[in-house]
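*Asks:* Show me the folded form of this:
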Amino acid sequence: MTMHYQNTYWLGKKVLIGKDELDPSQPVNLLLGFHGADSTPENLLVHGNKLKIENTMLIYPEGPLDANEGLFSWWQDGPRQKESVIQFLDYTGKVVDEAHQYLQQELGNATIQTCLWGFSQGGAASLVYTLFGRHPIHKVASICGFLPDLPENKDPTSQKSSILGIYGKNDDIVPSFLADYALDAMKDMGHHLIVKGTEQGHEIKSENIHDLTAFFNS
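*Replies:* Purely as a prediction, here's the structure:
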């Protein structure tokens, strides 16, 4: 499988799109990848390009918050975090809309399964959108993710997802107890969890990519 990539702009922000031949007679996976804080889509693409997932279009959007020097984040830390998370949910919902329209123009009325994955703040983003986003999410993978301050005036979705949570026991950026807490919270809200604690630090390792490939292909 050879993935072909192109750059485009949705909502005034850069998006990287990767796809091979897609079979519309089978469910098509739409897999959004969320980069970490103060980062870029290209930084996640370096790892995501190693994923070998069947019948899937990959989307790597740029975070909506400008962190300066060509870097981007998904929300703002500090006292305005809850408000910023709500803005993230609105932005990401519109990105998913754009991605669905893109696929429908190419494939017609194919069945689309929206999936998410991310690293660090991007892992957190995938969990938060699964909880509060307006699109049903089929599968989710979080590497070294956590949960930020969550909005208090939004009810979690009733849709339940399958979640793979990977965290590093030697992570000095997102301590394992924060990642573990986030995954326990997802489980308590009725989502289906596979949790894997590893000896890694705050990083994406080849074993993680192998686990993600098996998870999204299952």
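*Asks:* so which strand or helix has the residue sitting furthest away from the middle of the chain?
*Replies:* Going by C-alpha atoms, centre = their mean, the residue of the chain most distant from its centre is S25, 25.3 Å out. Under DSSP states H and E, no helix or strand contains S25.
*Asks:* quick one: contacts for it?
*Replies:* A110 (C-beta atoms under 8 Å, 6 or more residues apart in numbering). In this view, the C-beta of every residue, glycine as well, is placed from N, C-alpha and C.
*Asks:* Give me the three-state assignment for G93.
*Replies:* helix (DSSP: H, G, I helix; E, B strand; the rest coil).
*Asks:* Specify the local secondary structure of the spatially closest residue to it that is not a sequence neighbour.
*Replies:* Excluding its sequence neighbours, the residue lying closest to G93 (C-beta to C-beta, 6 or more residues apart in numbering) is R134, at 5.1 Å. Using three-state DSSP, the structure places R134 in coil.
*Asks:* where do the helices sit along the chain?
*Replies:* 41-48, 81-107, 121-132, 176-188, 206-217 (DSSP state H).
*Asks:* Let me know which of those is the nearest to T2.
*Replies:* Closest to T2 of the helices of the chain is helix 41-48 (C-beta to C-beta; 14.6 Å).
*Asks:* Check which residues of that closest one are buried.
*Replies:* 41, 43-45, 47-48 (16 or more other C-beta atoms under 10 Å).
*Asks:* Out of these, which is nearest to L65?
*Replies:* P41 (13.8 Å).
*Asks:* my guess is that closest one contacts E62, does it?
*Replies:* Yes - between P41 and E62 there is a contact under C-beta atoms under 8 Å: 5.5 Å.
*Asks:* Poorly predicted segments of the chain, please.
*Replies:* Low-confidence segments of the chain, defined by pLDDT under 70: 1.
*Asks:* quick revisit: tell me which of the helices of the chain sits nearest to T157.
*Replies:* Using C-beta to C-beta, those put helix 121-132 closest to T157, at 6.6 Å.
*Asks:* distance between that closest one and the chain's centre?
*Replies:* 7 Å (C-alpha atoms, centre = their mean, to the nearest Å).
*Asks:* Just the C-alpha atoms of it, please, in CSV.
*Replies:* Listed next in CSV are the C-alpha coordinates belonging to helix 121-132 (Å, rounded to 0.1, in the frame of the first residue of the first chain):
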residue,chain,number,x,y,z
GLN,A,121,-2.1,17.2,23.5
GLY,A,122,-3.2,15.6,20.3
GLY,A,123,-4.0,12.4,22.3
ALA,A,124,-6.0,14.6,24.7
ALA,A,125,-7.8,16.2,21.7
SER,A,126,-8.8,12.7,20.4
LEU,A,127,-10.3,11.8,23.8
VAL,A,128,-12.1,15.2,24.3
TYR,A,129,-13.7,15.1,20.8
THR,A,130,-14.8,11.5,21.5
LEU,A,131,-16.5,12.7,24.7
PHE,A,132,-18.2,15.9,23.4
